[in-house]
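Asker: sequence unknown, structure follows:
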């Protein structure tokens, strides 16, 4: 799963991923957000992204 902030079509993301990374590493699903959650120093809040991941029904890792 990949979290995406911005205006891009999933087909375009697939094409970029296939050209840049191995096929088995390509995200199977995309979650589009207005912006990524960040703290006051600008770091991405990965815990909040994990919570969103579990809310979308992804299996626990």
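Answerer: Yep, that arrived. This is a predicted model, so every value here is computed, not measured.
Asker: now the strands for the chain?
Answerer: In the chain, the strands defined using DSSP state E lie at 2-5, 30-33.
Asker: can you tell me which of the ones you listed comes nearest to residue 19?
Answerer: Ranking the strands of the chain by proximity to residue 19 (Cβ to Cβ) places strand 2-5 first, at 15.3 Å. From N, CA and C alone the C-beta is placed, and that goes for glycine too.
Asker: least trustworthy helix or strand in this structure by mean pLDDT?
Answerer: Ranked by mean pLDDT, DSSP states H and E, the weakest helix or strand in the chain is helix 46-55, scoring a mean of 88.
Asker: in JSON lines: the strands of the chain, plus mean pLDDT, distance to residue 18 and mean neighbour count.
Answerer: Supplementary listing: the strands of the chain in JSON lines, determined by pLDDT from 0 to 100; distance: least, Cβ to Cβ, whole Å; neighbours: other Cβ atoms under 10 Å:
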{"stretch": "strand 2-5", "mean pLDDT": "93", "distance to residue 18": "13", "mean neighbour count": "14"}
{"stretch": "strand 30-33", "mean pLDDT": "92", "distance to residue 18": "14", "mean neighbour count": "14"}
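Asker: dump those to a markdown table, plus distance to residue 56.
Answerer: A markdown table is the format used below for those (distance: least, Cβ to Cβ, whole Å):
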| stretch | distance to residue 56 |
| --- | --- |
| strand 2-5 | 10 |
| strand 30-33 | 6 |
